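> how does the following fold in three dimensions:
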Amino acid sequence: MEKSCTLLIHFDKGSPAIANEIKEALEGNDVPAKIDAMKKAIMLLLNGETLPQLFITIVRYVLPSEDHTVQKLLLLYLEIIEKTDAKGKVLPEMILICQNLRNNLIHPNEYIRGVTLRFLCRLNETEIIEPLIPSVLQNLEHRHLFIRRNAILAVMSIYKLPQGDQLLVDAPEMIEKALSTEQDPSAKRNAFLMLFTCAQDRAINYLLTHVDRVSEWGELLQMVVLELIRKVCRTNRGEKSKYIKIIISLLNAQSTAVIYECAGTLVSLSSAPTAIKAAANTYCQLLVSQSDNNVKLIVLDRLNELKSSHIDIMVDLIMDVLRALSSPNHDIQRKTLDIVLELITPRNINEVVLLLKKEVVKTQTGELEKNGEYRQMLIQAIHSCAIKFPEVASTVVHLLMDFLGDTNVASAIDVVVFVREIIETNPKLRVSIITRLLDTFYQIRAARVCSCALWIIGEYCLSLSEVESAITTIKQCLGDLPFYSVSEEGEATDASNKTPQANSVTVSSRRPAVLADGTYATQSAVSETAFSPLTIVQGSLASGNLRSLLLSGDFFLGAVVSCTLAKLVLRLEEVQPSKVEVNKATTQALLIMVSILQLGQSHVLPHPIDNDSCERIVLCMRLLCNTGDEIRKIWLQSCRQSFVKMLSEKLLRETEELKAKAQVSHAQPDDLIDFYHLKSRKGMSQLELEDEVQDDLKHATGEFVKDADDVNKLNRILQLTGFSDPVYAEAYVTVHHYDIVLDVTVINRTKETLQNLCLELATMGDLKLVERPQNYTLAPESSKQIKANIKVSSTETGVIFGNIVYEASNVLERTVVVLNDIHIDIMDYISPAVCTDTAFRTMWAEFEWENKVAINTVIQDEKEFLNHIIKSINMKCLTAQSALDGECGFLAANLYAKSAFGEDALVNLSVEKQADGKLSGYIRIRSKTQGIALSLGDKITLKQKGGK
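Next up is the predicted model:
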């Protein structure tokens with residue numbers, strides 16, 4: 001049977017000690033050598049060695065030593081050696097150490113007494129402890145506080161032994177007496193803990209007697225008081241009101257740990273608005289006062305929990321929560337913004353947006369690192385605010401447009417996407433946004449931002465002045481045409497020889513250089529006539545962005561420029577009465593398109609233009625040369641209609657999610673309305689009154705009785721043994737974040753008493769057993785509830801296996817009943833989550849673990865298969881429903897989920913319908929850790945076969 005371990009020491013297996021060497025060192029008179037030998041012996045014992053020959057040597061040569069270090073190591077040695085035989089009886093040689101322990105307990109040195117008392121706390125053999133009890137009790141009144149502290153703990157440990165109440169019958173009385181006279185905070189805490197653990201009624205009586213002085217007690221004692229209050233109120237809710245006063249008084253304690261525990265206790269015990277508000281205020285104070293980032297994150301988690309259950313109270317504290325943005329840590333800032341965005345109401349939106357604007361302005365200073373990432377978070381938050389409350393858009397959109405040229409591309413993309421959505425949803429802002437966009441367009445340096453900005457210009461420039469300004473701006477940003485030059489001599493040679501294979505050109509002696517403003521330039525040291533690459537022409541200083549991006553080989557941007565110019569010319573035809581001006585603009589647009597095509601097909605750049613971009617530009621040229629009404633309608637109206645449809649679908653999805661969250665109604669039409677001033681107060685404070693009302697309401701609505709939980713509990717019971725086994729066992733498994741609790745019911749089905757019955761468990765995977773369950777004695781046909789706690793460290797499928805071992809009176813050997821394995825499902829840790837497409841793509845590129853699962857199913861419909869997979873692996877489909885509509889025989893979708901440990905799980909499903917009606921394709925899973933990718937893959941492989 002596996003032994004429990006009370007001591008853990010690092011052991012270096014590189015140079016193991018030899019028992020004979022240890023024995024020789026212990027027999028010598030050299031104290032340092034003796035200390036070293038004792039340490040080696042202890043480490044060998046902790047790592048499975050027995051060393052039986054050392055015991056007598058230690059009794060003879062180590063016991064008499066007066067050295068304190070040697071005595072401390074002796075106690076550690078005695079703590080870990082086996083003190084009982086196979087039948088559980090104390091070994092006869094252990095009597096030799098009893099006299100030594102008694103001498104230590106009356107030793108004149110306080111340290112020796114104290115460490116010996118600490119040793120007794122970890123001793124379970126009553127035969128050894130019984131003769132030492134008088135000496136232990138004498139130390140309760142010792143003058144030195146170190147001894148009194150440990151004496152109280154020793155008394156508590158002895159009293160908690162199976163026959164401890166017989167060894168120390170009046171221990172609670174003695175400890176209560178010691179508590180009333182004790183002055184040392186640590187000793188008082190130990191004494192109160194002993195009463196709390198072993199005589200709860202006495203602890204409650206002492207607390208209520210000294211209730212006025214609780215706020216003056218030490219931090220350690222106050223923490224135990226809070227633990228006692230939680231335990232008492234869970235078992236007896238009727239007495240809750242008297243303890244809530246104590247908690248409220250402790251909210252003003254000096255210790256931040258006590259204040260934090262007070263707030264948590266208050267939330268768990270009471271639903272009264274006054275109590276919840278006091279707890280929330282406490283959390284907000286801790287959020288600002290504490291400098292440790294881990295503390296801030298924990299407090300934000302508590303506030304997030306409060307938000308989900310008491311959102312009306314949290315709304316009033318939104319500005320206090322926002323003060324956490326002063327922390328430079330991005331995780332804290334992100335979590336703060338996530339909480340705040342769900343607390344925004346029409347009353348506080350202006351304050352919140354004003355503060356967010358100030359934070360955005362602060363990021364422009366280069367004092368803090370990673371300002372770009374923080375600015376991106378703020379822009380996304382402002383975007384959410386503006387979508388929920390369109391009236392604030394006008395106050396922020398122009399400020400954010402200053403960041404279109406941000407060096408942080410992700411931040412600039414967020415800004416331009418925000419502008420694109422606002423210009424559609426707020427028609428009043430269209431003119432001012434277009435004017436500002438045309439003024440700041442030259443500052444944009446990122447191709448993706450340029451593309452989106454050009455689309456906005458092409459769709460929303462409606463008046464004559466706007467269209468003309470847009471065409472002028474684009475021309476300025478493209479610079480002088482053409483994009484590369486041919487020498488006069490080359491042109492003449494080309495004209496006379498008509499040689500299409502090569503051109504005679506002016507060659508630069510160096511490759512194009514990038515100037516400080518981002519434009520390209522060339523330096524011609526020598527001009528010569530040769531068959532060689534052409535020369536890029538430097539544009540004007542104002543032609544920074546579009547020209548430099550095109551000359552870097554971004555021809556997709558060139559296609560976007562062409563489309564934008566085509567739209568602007570088509571619109572100019574509608575608003576410009578002069579045909580001359582229209583023709584002039586058309587020819588200029590055609591010249592630009594031809595120049596882009598020439599650049600793409602020349603050898604100036606290392607890569608030629610791609611076919612898609614080339615076809616797109618050619619299409620624009622044909623459109624301008626021959627325009628029909630149907631084509632005009634498609635270009636000028638259909639694009640915007642598609643965008644409007646996309647926005648409406650996005651709004652519909654968000655509305656459905658809000659409706660789903662709001663399904664749990666906080667107030668029904670026929671709810672009881674409680675009038676506080678009509679309720680009998682009976683001398684109660686406002687908090688007690690509110691708390692009583694909330695409890696009445698919970699009783700009336702049945703919130704204290706969780707019938708649904710009982711039904712779920714029955715579904716989660718696992719049978720561990722067979723019905724024919726002498727011992728029947730079943731377990732109820734509760735998974736809660738990092739903890740798994742096994743509630744095992746063991747039934748003795750025999751007519752005999754089973755002794756030393758023990759539940760032995762082992763784990764596989766990232767599971768760790770917290771403590772080994774103790775031994776029990778089971779009467780005939782009786783049952784016992786055994787709890788086992790297991791810690792989980794990652795999202796991975798784990799297995800718990802074990803057996804039940806017991807002794808019967810008529811059987812000489814121990815009987816072992818092997819248990820069925822308990823499989824911990826990965827689905828217990830995974831919950832559906834939402835992220836943006838950009839975030840999904842970024843994570844997909846970054847995550848290194850991929851599991852590729854081939855599709856093998858009897859389902860023949862793509863959408864049905866997708867829904868089956870979503871249901872099987874508990875994930876959220878990020879692909880919009882509109883993108884999945886239609887019948888094309890192919891379907892691709894992205895799924896996303898988050899684990900309880902904050903890990904991301906990404907799934908891409910690509911399925912194709914074959915000619916025979918069967919589905920084929922792959923499901924790819926990506927994650928940062930190997931465990932989640934493998935476990936999800938196994939789950940999909942198991943579940944994908946059928947549709948049930």
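
> so residue 406, which of the three states?
Here residue 406 takes the coil state, with states given by DSSP: H, G, I helix; E, B strand; the rest coil.

> count the neighbours of the closest residue to residue 219 other than its chain neighbours for me.
The shortest distance from residue 219 to any non-neighbouring residue, by C-beta to C-beta, 6 or more residues apart in numbering, is to residue 255 (4.0 Å). Backbone N, C-alpha and C define where each C-beta goes, glycine included. The local packing of residue 255 (other C-beta atoms under 10 Å) involves 15 other residues.

> may I ask you to confirm that residue 255 is in contact with residue 217?
No: between residue 255 and residue 217 there is no contact, the gap being 10.4 Å when judged by C-beta atoms under 8 Å.

> can I get the host helix or strand of residue 467 in PDB? Just the C-alpha atoms.
Using DSSP states H and E, residue 467 falls within helix 464-478. C-alpha atoms of helix 464-478 as PDB (Å, rounded to 0.1, in the frame of the first residue of the first chain):
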ATOM      1  CA  LEU A 464     -18.900  66.400 -57.700                       C
ATOM      2  CA  SER A 465     -16.300  68.000 -55.400                       C
ATOM      3  CA  GLU A 466     -15.700  64.700 -53.400                       C
ATOM      4  CA  VAL A 467     -15.200  62.700 -56.600                       C
ATOM      5  CA  GLU A 468     -12.800  65.200 -58.100                       C
ATOM      6  CA  SER A 469     -10.900  65.500 -54.800                       C
ATOM      7  CA  ALA A 470     -10.700  61.700 -54.600                       C
ATOM      8  CA  ILE A 471      -9.300  61.300 -58.200                       C
ATOM      9  CA  THR A 472      -6.800  64.200 -57.500                       C
ATOM     10  CA  THR A 473      -5.700  62.500 -54.200                       C
ATOM     11  CA  ILE A 474      -5.100  59.100 -55.900                       C
ATOM     12  CA  LYS A 475      -3.100  60.700 -58.700                       C
ATOM     13  CA  GLN A 476      -0.900  62.600 -56.300                       C
ATOM     14  CA  CYS A 477      -0.300  59.500 -54.300                       C
ATOM     15  CA  LEU A 478       0.600  57.600 -57.400                       C
END
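
> helices or strands up against it?
helix 430-440, helix 447-460, helix 545-551, helix 555-575, helix 579-601 (3 or more C-beta pairs under 8 Å, 6 or more residues apart in numbering; DSSP states H and E).

> ranking these by mean pLDDT, which is last?
The minimum mean pLDDT among the helices and strands packed on helix 464-478 belongs to helix 545-551 (a mean of 85).

> what is it packed up against?
Helices and strands touching helix 545-551, by 3+ C-beta pairs under 8 Å, 6+ apart, are helix 447-460, helix 464-478, strand 520-521, helix 555-575, helix 579-601.

> in it, what counts as buried?
By neighbour count with 16 or more other C-beta atoms under 10 Å, helix 545-551 contains the buried residues 545, 546, 547, 548, 549, 550, 551.

> dump those into a markdown table; add distance to residue 938 as well.
Converted to a markdown table, those look like this (distance: C-beta to C-beta, whole Å):
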| residue | distance to residue 938 |
| --- | --- |
| 545 | 50 |
| 546 | 51 |
| 547 | 54 |
| 548 | 50 |
| 549 | 46 |
| 550 | 50 |
| 551 | 51 |
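
> is it true that residue 329 touches residue 293?
Yes: counting by C-beta under 8 Å, residue 293 is a contact partner of residue 329 at 4.9 Å.

> before we move on, the earlier item: same list, the helices and strands packed on helix 545-551, but as CSV with distance to residue 653 please.
Converted to CSV, these look like this (distance: least, C-beta to C-beta, whole Å):
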stretch, distance to residue 653
helix 447-460, 21
helix 464-478, 33
strand 520-521, 44
helix 555-575, 28
helix 579-601, 38
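
> per-residue confidence at the residue nearest to residue 219?
Predicted confidence (pLDDT) for residue 255: 87.

> kindly report the same for residue 145.
88.

> can you check the one 5 residues further on too?
At residue 150, the pLDDT value in this model is 91.

> and what of residue 511?
41.

> go on, residue 685?
59.

> next one: residue 623
In this model, residue 623 is scored at 86, pLDDT.

> can you name the residues that contact the residue nearest to it when sequence neighbours are not counted?
Excluding its sequence neighbours, the residue lying closest to residue 623 (C-beta to C-beta, 6+ apart) is residue 566, at 5.5 Å. By C-beta atoms under 8 Å, 6 or more residues apart in numbering, residue 566 lies in contact with 589, 620, 623, 624, 635.

> got a list of contacts for the strand or helix carrying the third one?
Think residue 623. Using DSSP H and E, residue 623 sits within helix 611-625. Outside of helix 611-625, the residues within contact range by C-beta under 8 Å, 6+ apart are 555-556, 558-559, 562-563, 565-566, 569-570, 586, 589-590, 593-594, 596-597, 600, 631, 635.

> figure out which of the helices and strands packed on helix 545-551 is closest to residue 867.
Between residue 867 and the helices and strands packed on helix 545-551, the shortest gap by C-beta to C-beta is with helix 447-460, which sits at 33.3 Å.

> which other helices and strands does that closest one contact?
Packing partners of helix 447-460 (3+ C-beta pairs under 8 Å, 6+ apart): helix 409-425, helix 430-440, helix 464-478, helix 545-551, helix 555-575, helix 639-661.

> tabulate the CA atom coordinates of the fourth one in CSV.
Read it as helix 545-551. What follows is helix 545-551, C-alpha atoms only, in CSV (Å, rounded to 0.1, in the frame of the first residue of the first chain):
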residue,chain,number,x,y,z
ASN,A,545,2.3,55.5,-50.2
LEU,A,546,0.6,54.2,-53.3
ARG,A,547,3.7,54.6,-55.6
SER,A,548,6.1,53.0,-53.1
LEU,A,549,3.7,50.1,-52.4
LEU,A,550,3.2,49.4,-56.2
LEU,A,551,6.9,49.6,-56.8
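
> for residue 255, give its distance to residue 232.
Separation of residue 255 from residue 232 (C-beta to C-beta, to the nearest Å): 22 Å.

> residues of the helix holding residue 467 that come out buried?
Buried, per 16+ other C-beta under 10 Å, within helix 464-478: 466, 467, 468, 469, 470, 471, 473, 474, 475, 476, 477, 478.

> could these be laid out in TSV, adding pLDDT?
TSV is the format used below for these (pLDDT from 0 to 100):
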residue	pLDDT
466	89
467	89
468	90
469	91
470	91
471	90
473	90
474	89
475	88
476	88
477	88
478	86
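
> out of those residues, who's nearest residue 930?
Comparing the buried residues of helix 464-478 against residue 930 with C-beta to C-beta places residue 477 closest, at 48.1 Å.

> in the stretch 751-900 of the chain, which spans are helices?
Ranges of helices within the stretch 751-900 of the chain are 837-846, 862-873, 881-884, based on DSSP state H, counting those that start in this stretch.

> could you say what helices and strands the shortest one packs with?
Put plainly, it is helix 881-884. helix 639-661.

> I'd like the average pLDDT over the helix it packs on.
Here helix 639-661 scores 76 as its mean pLDDT.

> got a list of contacts for that helix?
Residues contacting helix 639-661 (C-beta under 8 Å, 6+ apart): 420, 421, 424, 425, 459, 834, 880, 881, 882.

> ChimeraX command for the buried members of these?
For the buried members of those, the matching ChimeraX selection, counting by 16+ other C-beta under 10 Å, is:
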select :420,421,424,459
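
> I'd say residue 874 and residue 828 touch.
No: assessed by C-beta under 8 Å, residue 874 is found out of contact with residue 828, at 9.5 Å.

> ok, back up a step: next, format the contacts of helix 639-661 as JSON lines and append distance to residue 784.
Below are the contacts of helix 639-661 laid out as JSON lines (distance: C-beta to C-beta, whole Å):
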{"residue": "420", "distance to residue 784": "66"}
{"residue": "421", "distance to residue 784": "63"}
{"residue": "424", "distance to residue 784": "67"}
{"residue": "425", "distance to residue 784": "65"}
{"residue": "459", "distance to residue 784": "74"}
{"residue": "834", "distance to residue 784": "46"}
{"residue": "880", "distance to residue 784": "55"}
{"residue": "881", "distance to residue 784": "53"}
{"residue": "882", "distance to residue 784": "58"}
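
> many thanks, I have nothing further to ask.
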